[in-house]
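Asks: got a predicted structure plus its sequence, pasted below:
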Amino acid sequence: MNGTENNLPTTRFGHNPSMQDELAQLILLGIKTVSCSALCHYRKGGEVKPKIGQLYQLLNGAGRAIAVIKITTLEERRFCHIDAAFAQAEGEGDLSLDDWRRTHCAFFTRKGVLDNRMELLCEYFELVSTQ
């Protein structure tokens, strides 16, 4: 995450500009209200773990700030314990748990960290403002 003119850290979701645009749009529409990442990335010191109440500027695929989001809840869950409600709140694909598992298996396999019992950091957020 990088700083911005207003000193808020920035974030974006997705692994390429097209996906970042798509996921940002889902956030703006109120469809995507959660995300998750492998907890091991935070434990290795590669990323700063978010905190409840933290504000982030949301970037689109071009790196332009388009909104501000706020972390409302953080949960640690194992991959195998993700439920249908979380999958739906993530707002991607057909919103089903099967689709969530399929796409996230592919994502975490690409990252080299997939394990059915792996720990995830589940981030719940709300849209604070658009820019």
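Replies: Arrived safely, thanks for sending.
Asks: Ser18 contacts Asn60, doesn't it?
Replies: No. Between Ser18 and Asn60 there is no contact under CB atoms under 8 Å: 10.4 Å. Backbone N, C-alpha and C define where each C-beta goes, glycine included.
Asks: comparing the two, which residue is more hemmed in?
Replies: Asn60 (19 against 10; other CB atoms under 10 Å).
Asks: please report how far that one lies from Leu114.
Replies: Separation of Asn60 from Leu114 (CB to CB, to the nearest Å): 28 Å.
Asks: again with His15
Replies: With distances taken as CB to CB, His15 is found 15 Å from Leu114.
Asks: which one of these two has more residues nearby?
Replies: Leu114 (15 against 11).
Asks: give me the residues contacting the longest helix that the chain contains.
Replies: Counting by DSSP state H, the longest helix found in the chain is helix 97-111. Identification of contacts with helix 97-111 by CB atoms under 8 Å, 6 or more residues apart in numbering yields 15, 36, 38, 79, 82-84, 86-87, 90, 92-93, 114, 118.
Asks: which helix or strand lies directly C-terminal to it?
Replies: Sequence-wise, the next helix or strand downstream of helix 97-111 (DSSP states H and E) is strand 119-130.
Asks: and the contacts of that next one?
Replies: Strand 119-130 has contacts (CB under 8 Å, 6+ apart) with 27-28, 30, 33-40, 42, 49-50, 55-56, 66-79, 82, 86, 89.
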